[in-house]
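S.K.: Take this sequence and fold it.
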Amino acid sequence: MTSPSVKLDTEHLHTAPNFGIPGQRERWLYSAGDAFYEMLLEGHRGLSDEQSELFNARLVLLLANHVGDLRVLREAIAAARQGVAGD
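M.R.: Below is the predicted model of the structure:
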């Protein structure tokens, strides 16, 4: 995990919770995030470990293509890697 004292350079990457459907308000702030987590678990249901890894890779590439902005993707990669590979 990232140390609280480490500041990420996120000029373009939004790291605040941003789940939901545009134009709809949730009763509870965490509801949309919970719904996403449930969808993610459902996507993995019944898959082997190898299939889950492939699913994750495909999902990352689909979402990266959707984002498209290389500045955002560069910051997201740096943020995801921080604290994982001893960086």
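
S.K.: Go through the protein and flag its longest helix.
M.R.: For the chain, the longest helix by residue count, based on DSSP state H, is helix 49-67.

S.K.: Now find how far off-centre the helix or strand following that one is within its chain.
M.R.: As assigned by DSSP states H and E, the chain's next helix or strand after helix 49-67 is helix 70-81. How far helix 70-81 lies from its chain's middle: 11 Å, per CA atoms, centre = their mean, to the nearest Å.

S.K.: How about helix 70-81, which residues are buried there?
M.R.: Judged by neighbour count using 16 or more other CB atoms under 10 Å, the buried positions of helix 70-81 are 72-73, 75-76. Quick note: C-beta positions are derived from backbone N, CA and C, even for glycine.

S.K.: Now do that helix against helix 49-67, angle only.
M.R.: Per axes from the mean of the first three to the mean of the last three CA atoms, to 10 degrees, the angle that helix 70-81 makes with helix 49-67 is 150 degrees.
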